[in-house]
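In: I'd like to go over a predicted model; first the sequence, then the structure.
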Amino acid sequence: IDIKTLRAATEGVITIDPGYKNTGSCESAITFLDGEKGILRYRGYSIEELAEKADFLEVAYLLIFGELPNEEQLEKFHSDIKKNSVVDDDIKKILDAFPKSAHPMGVLASLTSALTSFNPSSVNVDSEEDMYNAIVKILGKFPILVAWTMRKKKGLPFDYGNSSLGYVENLLQMMFKQPNEDYKQNPILVNALDKLLILHADHEQNCSTSTVRITGSSHAGLFVSLSAGISALWGPLHGGANQAVLEMLEGIKEDGGDTSKYMAKAKDKQDPFRLMGFGHRVYKNFDPRAKIIKVAADEVLGDLGVEDPILDIAKGLAKEALEDPYFVDRKLYPNVDFYSGIIYRAMGIPTEMFTVMFALGRLPGWISQWKEMRMRKEPIGRPRQLYIGETYRPFKEMSKR
Ligand code: ACO
């Protein structure tokens, strides 16, 4: 049954579904997810194969344009992105004006929105060519915003890195290069970061992606729609979970490392505490991304020779939860963000930057979903409601209130 016929047949009927647990907001050909079986595929390709065989830019191309690029297409895509890997000097001034204590997600959302003012042609994108230009612009500029947001936090001067490097290598260089020192790439870190970004690249109609689609459905520009998505991602029930997981693990460590105490807290219905990094709206089985990330975390910690008690606490919690009837009955498994923070921490990325890294990974997904929504000429998003407030009330004069 097509959507028009369905809509005509249900005219006047409003479904109430807070959190849209059972409501589809669109038809999409980008990401396939089977939460019961723990399957995730981008454009039909399994996440396991993509993480093993492709790099982040290839996956970005796949998500946005629907096919894996051949060598020539990938080279052109990368070269167009590199041409746009620069930001207006006034963006530096805006970044400078933020207090050092500002949360990087707030900074990133503001800067992404501010980019519109310096690139007004990215707003009215009616042709595929206009869309392409806006897309390579943001893919070029976003890593700079990410890296510089971290440099600002660390008090380092801004750095454009080296454009002859790969996308992820240059991101690392822009983030970590110290003034007057060469930055030595570590292939294990490059590989782990590449994997993390691929695993975060899309996840169908989650909170931030739905926000990007609904914002863009008013024909607001791409960059502001992305900025709205960044704000949605910030929350601890969504992308902010990776920061929340690390903070929770640190809290458990400081409290003596007793994981059972926190398991009990998570199960106590009078206690609002939740085990961060566990549970998922759609996965009722192992999050397939968590499995891949766990292996990458072991590799990175092994290579860097890091012995992190936090990792032992994480492993202990995961083991206990997988055997606990409360978690088993509710199908609460570790999600993608349970292990990602451990890798970011080992790489030297500050905890407050974790969700920013997630945003960079999710960028191609948001772009592809926004592009799909525009190309399918979807109507403006405008849910209905069931009004439960007062009916009519005569106005009450100030003296009588
Ligand atoms: N710890 C303890 N109990 C939990 C947890 C948790 N992490 N997650 C869910 N539950 C319990 C709920 O209390 C509820 O129990 P009840 O049936 O006895 O009332 C049941 O499991 C179902 O939970 P809901 O909140 O209804 O599930 P929902 O689909 O709305 O929420 C969510 C999913 C937000 C991810 C939730 O599991 C959660 O808060 N997890 C922790 C935060 C987190 O890790 N978020 C990252 C998600 S992944 C991502 O966005 C990239």
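Out: Happy to help now that I have it. In this text, all values refer to a predicted model and were calculated from it rather than measured experimentally.
In: buried ones in stretch 312-329, by neighbour count?
Out: Neighbour counts over stretch 312-329 (16 or more other Cβ atoms under 10 Å) mark I313, A314, G316, L317, A318, A321, D324, F327 as buried. Placement of C-beta: from N, CA and C, glycine included.
In: got it, and stretch 22-41?
Out: Neighbour-count burial for stretch 22-41 [16+ other Cβ under 10 Å]: S25, C26, S28, I30, T31, F32, L33, G38, L40, R41.
In: any idea how far the ligand is from the second one?
Out: Going from C26 to the ligand by Cβ to the nearest ligand atom, to the nearest Å gives 19 Å.
In: among the buried residues of stretch 312-329, which one sits closest to the ligand?
Out: Nearest to the ligand among these: F327, at 7.4 Å, using Cβ to the nearest ligand atom.
In: I'd assumed A318 was in contact with that closest one.
Out: No. Taking contacts as Cβ atoms under 8 Å, F327 lies outside contact range of A318: 9.9 Å.
In: that's a helix at L275, yeah?
Out: No. Assessed with DSSP: H, G, I helix; E, B strand; the rest coil, L275 is coil; it does not lie in a helix.
In: any idea how many residues pack against it?
Out: 23 (other Cβ atoms under 10 Å).
In: that one and I380, how far apart?
Out: When Cβ to Cβ, to the nearest Å is applied, the distance between L275 and I380 equals 38 Å.
In: how about V13?
Out: Taken as Cβ to Cβ, the span from V13 to I380 is 20 Å.
In: ok, K21 next?
Out: From K21 to I380 the distance is 23 Å (Cβ to Cβ).
In: want to throw the buried residues of stretch 312-329 into JSON lines with distance to V295?
Out: Below are these laid out as JSON lines (distance: Cβ to Cβ, whole Å):
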{"residue": "I313", "distance to V295": "19"}
{"residue": "A314", "distance to V295": "14"}
{"residue": "G316", "distance to V295": "18"}
{"residue": "L317", "distance to V295": "18"}
{"residue": "A318", "distance to V295": "14"}
{"residue": "A321", "distance to V295": "19"}
{"residue": "D324", "distance to V295": "24"}
{"residue": "F327", "distance to V295": "22"}
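In: between those residues, which is nearest D55?
Out: A314 (27.3 Å; Cβ to Cβ).
In: what's in contact with the strand or helix carrying the closest one?
Out: Using DSSP states H and E, A314 falls within helix 309-323. For helix 309-323, contacts defined as Cβ atoms under 8 Å, 6 or more residues apart in numbering pick out 245-246, 249-250, 252-253, 257, 259-260, 262-263, 275, 278, 297, 301, 327-328, 332-334, 338-339, 342, 345.
In: off-centre distance for it?
Out: 24 Å (Cα atoms, centre = their mean, to the nearest Å).
In: can that helix be found next to the ligand?
Out: No. Against the ligand, helix 309-323 shows no contacts by Cβ under 6 Å from any ligand atom, the least distance being 8.5 Å.
In: average pLDDT across that helix?
Out: Mean per-residue pLDDT for helix 309-323: 88.
In: tell me how many other residues crowd the residue in the chain that the ligand sits nearest to.
Out: Closest contact between the chain and the ligand, by Cβ to the nearest ligand atom, is at G279 (2.3 Å). Neighbours of G279 under the rule other Cβ under 10 Å: 21.
In: and the pLDDT at the closest residue to it other than its chain neighbours?
Out: In space, and not counting its chain neighbours, G279 is closest to L332: 4.3 Å by Cβ to Cβ, 6 or more residues apart in numbering. pLDDT for L332: 92.
In: for L332, what are its contacts?
Out: When contacts are counted by Cβ under 8 Å, 6+ apart, L332 touches L275, F278, G279, A321, Y326.
In: 10 Å instead, please
Out: L332 sits next to A266, R274, L275, F278, G279, H280, Y283, K284, A321, L322, D324, Y326 when contact means Cβ atoms under 10 Å, 6 or more residues apart in numbering.
In: surely G66 is in contact with R43?
Out: Yes. The criterion here is Cβ atoms under 10 Å, and G66 meets it with R43 at 5.9 Å.
In: between the two, which is the more surrounded one?
Out: R43 (19 against 14).
In: mind checking the SS state of the residue lying closest to that one once chain neighbours are set aside?
Out: Computed as Cβ to Cβ, 6+ apart, the closest residue to R43 that is not its neighbour in sequence is L62, at 5.4 Å. Following three-state DSSP, L62 is assigned to helix.
In: count of neighbours near L62?
Out: L62 has 24 neighbours, counted by other Cβ under 10 Å.
In: let's have the chain start at 513 instead
Out: All right, first residue 513 from here; so that's L574.
In: quick one: residues contacting it.
Out: So L574 contacts 542, 554-557, 562, 566, 580-581, 710, 713-714, 876, 880 (Cβ under 10 Å, 6+ apart).
In: and if you look at R725?
Out: Applying Cβ under 10 Å, 6+ apart, the residues near R725 are 537-538, 540, 717, 737, 740-741, 878, 881-882, 884-886, 890, 893.
In: where does confidence bottom out across the buried residues of stretch 534-553?
Out: Lowest pLDDT within the buried residues of stretch 534-553 is found at G550 (90).
In: what's near enough to touch that one?
Out: Y795, K796, N797, F798, D799, P800, R801, A802, K803, Y845.
In: gap between it and D799?
Out: Distance from G550 to D799, by Cβ to Cβ: 7 Å.
In: then V702?
Out: Counting by Cβ to Cβ, the gap from V702 to D799 is 24 Å.
In: which one's more surrounded, the two?
Out: Of the pair V702 and D799, D799 is the one with more neighbours under other Cβ under 10 Å, namely 26 against 17.
In: pretty sure that one contacts A753?
Out: No. Look at D799 against A753 with Cβ under 10 Å: they stay out of range, at 11.6 Å.
In: just the CA trace of the helix holding A826, in CSV.
Out: Output of helix 821-835 as CSV, limited to C-alpha atoms (Å, rounded to 0.1, in the frame of the first residue of the first chain):
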residue,chain,number,x,y,z
PRO,A,821,41.4,0.0,35.4
ILE,A,822,38.4,1.6,33.8
LEU,A,823,38.5,-1.1,31.2
ASP,A,824,38.4,-3.8,33.8
ILE,A,825,35.4,-2.1,35.5
ALA,A,826,33.7,-1.9,32.1
LYS,A,827,34.4,-5.6,31.4
GLY,A,828,33.1,-6.5,34.9
LEU,A,829,29.9,-4.6,34.4
ALA,A,830,29.3,-6.1,31.0
LYS,A,831,29.8,-9.6,32.4
GLU,A,832,27.5,-9.0,35.3
ALA,A,833,24.8,-7.4,33.2
LEU,A,834,24.8,-10.3,30.6
GLU,A,835,24.1,-12.7,33.5
